[in-house]
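*Asks:* Give the three-dimensional model of this entry:
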Amino acid sequence: MVATTGIAGCLGRGGGSLDSVTVAYVPIYPNMQHYVMEQENYYEDVPADIIVERFSSGPSVVKAFASGDVDVALFGITPAMVLVDKGTNAGILAANSKNGFRIMATTELVDLYEQEGPNTFERFEKEHGRKIRFGGPPSGSVPDIVLRYWIQEGLDVGEMDSVITKLKVSPAMAVQTIQSGDIDATIIQEPFATVIEQDNGFGELSWSGSILENHPVTVLFANQKVIDDREISQSLVEQHISATEFTADSPDTAAGHAASVIGSGVSESLAMAAMDSRASSFTSNPHQITDQAATMCEFVANVGNTEEPIATENLFAYESYDAIQG
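*Replies:* Numbering: from 1, shown residues only. Sure thing, here's the model as predicted:
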């Protein structure tokens with residue numbers, strides 16, 4: 001855990017009701033703004049003491065957030081839906097990333113898909129005597145929801161669980177798992193998609209931006225205490241916007257910041273290469289992801305992660321972003 005003291009508060013620009021804010025993040029590439037904000041010291045301009053805490057997964061942040069140990073989180077939008085469904089008073093202040101997945105597969109499967117399109121699944125099963133094995137994170141996760149949408153709505157080939165064999169594989173393990181032949185395809189974020197692409201035996205089946213255009217991946221999520229403290233919430237969003245702009249203007253430097261914080265085999269050169277991917281799309285504007293968030297809310301409810309689809313007016317807190325935009 002790393003504590004960062006807000007310089008603005010020391011200079012008398014404080015006055016907010018919160019003395020400190022705990023910011024949680026999951027160390028994945030789509031949370032690019034956090035790495036920039038931390039490494040470029042943007043958090044120091046927030047009028048509160050910022051305590052940064054690293055978590056291994058979205059579900060672990062959900063537990064900490066629900067217990068009140070975390071005030072702000074940068075993580076997938078589906079954990080945010082789960083928290084709102086559980087009655088947590090919180091909302092999305094800003095988007096982090098969108099269109100952030102690529103469906104990678106063996107070249108055999110890519111070639112078959114180019115020939116057969118939606119008939120690929122039936123043709124593969126006839127030829128191999130089994131369904132296509134897809135690796136991916138758990139049901140209800142952001143990539144799982146996008147994959148379900150692709151199969152059930154985009155291709156209209158039936159319920160996902162009846163069309164493919166889905167194996168639970170973490171993003172970090174997907175490269176090794178597909179290269180070993182244990183799966184035929186995976187829906188994966190950067191920079192891991194770039195690693196798979198660099199192997200001649202694999203290629204891209206589809207990109208999530210063409211499946212569900214402008215769909216959200218990760219978000220900046222805050223509890224009601226932070227949202228109500230307009231000085232702090234607006235400052236967080238301001239710094240987030242600055243980090244998005246920094247990433248656009250200095251992608252290599254931003255990638256280096258990501259690599260230095262993420263670690264876990266994500267080298268600086270890999271992080272830089274992944275910046276060229278169309279699945280590396282960073283934004284702060286929450287309005288860009290609202291419509292597709294509503295679609296995803298339906299699917300999250302369908303797999304049982306929430307009791308009912310979350311209304312977007314209960315999921316988003318636009319006030320701080322809109323106030324900054326004037």
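
*Asks:* Measure how buried D69 is and give me the count.
*Replies:* Neighbours of D69 under the rule other C-beta atoms under 10 Å: 12. C-beta: built from backbone N, CA, C; applies to glycine.

*Asks:* In three-state terms, label it for me.
*Replies:* Secondary structure assignment for D69 (DSSP: H, G, I helix; E, B strand; the rest coil): coil.

*Asks:* how much space between it and S60?
*Replies:* Counting by C-beta to C-beta, to the nearest Å, the gap from D69 to S60 is 11 Å.

*Asks:* Same check on Y113?
*Replies:* 35 Å.

*Asks:* and if you look at Q292?
*Replies:* With C-beta to C-beta as the criterion, Q292 and S60 are 26 Å apart.

*Asks:* who's more crowded, these two?
*Replies:* A side-by-side neighbour count of Q292 and S60, using other C-beta under 10 Å, places Q292 first with 19 against 15.

*Asks:* So that one sits against S208, correct?
*Replies:* No: using C-beta atoms under 8 Å, Q292 is not in contact with S208, being 10.2 Å away.

*Asks:* what residues are shared contacts of those two?
*Replies:* H215 (C-beta atoms under 8 Å, 6 or more residues apart in numbering).

*Asks:* How about the contacts made by the closest residue to A185 other than its chain neighbours?
*Replies:* Leaving aside its sequence neighbours, A185 sits nearest to A105 (C-beta to C-beta, 6 or more residues apart in numbering; 3.7 Å). Applying C-beta under 8 Å, 6+ apart to A105 gives the contacts Y113, I178, D184, A185, T186, F202, G203, E204, L205.

*Asks:* name the element the residue lying closest to S206 once chain neighbours are set aside belongs to?
*Replies:* Spatial nearest neighbour of S206, chain neighbours left out: I103 (4.6 Å); criterion: C-beta to C-beta, 6+ apart. I103 belongs to strand 102-106 when assigned by DSSP states H and E.

*Asks:* So which residues of the stretch 201-326 of the chain form helices?
*Replies:* Under the criterion DSSP state H, counting those that start in this stretch, the stretch 201-326 of the chain contains helices at 208-211, 224-228, 230-249, 251-262, 268-274, 290-302, 312-315, 319-325.

*Asks:* so where's this protein shaky on pLDDT?
*Replies:* Filtered on pLDDT under 70, the chain yields the residue ranges 1-17.

*Asks:* can we see that at 50?
*Replies:* By pLDDT under 50, the low-scoring segments of the chain are 1-16.

*Asks:* ranges for the helices of the stretch 1-150 of the chain?
*Replies:* With DSSP H, counting those that start in this stretch as the criterion, the stretch 1-150 of the chain has helices at 7-10, 32-39, 58-66, 77-85, 107-116, 120-128, 142-149.

*Asks:* If I take the second one and helix 230-249, what angle do their directions form?
*Replies:* It stands for helix 32-39. Angle, helix 32-39 to helix 230-249, by axes from the mean of the first three to the mean of the last three C-alpha atoms, to 10 degrees: 100 degrees.
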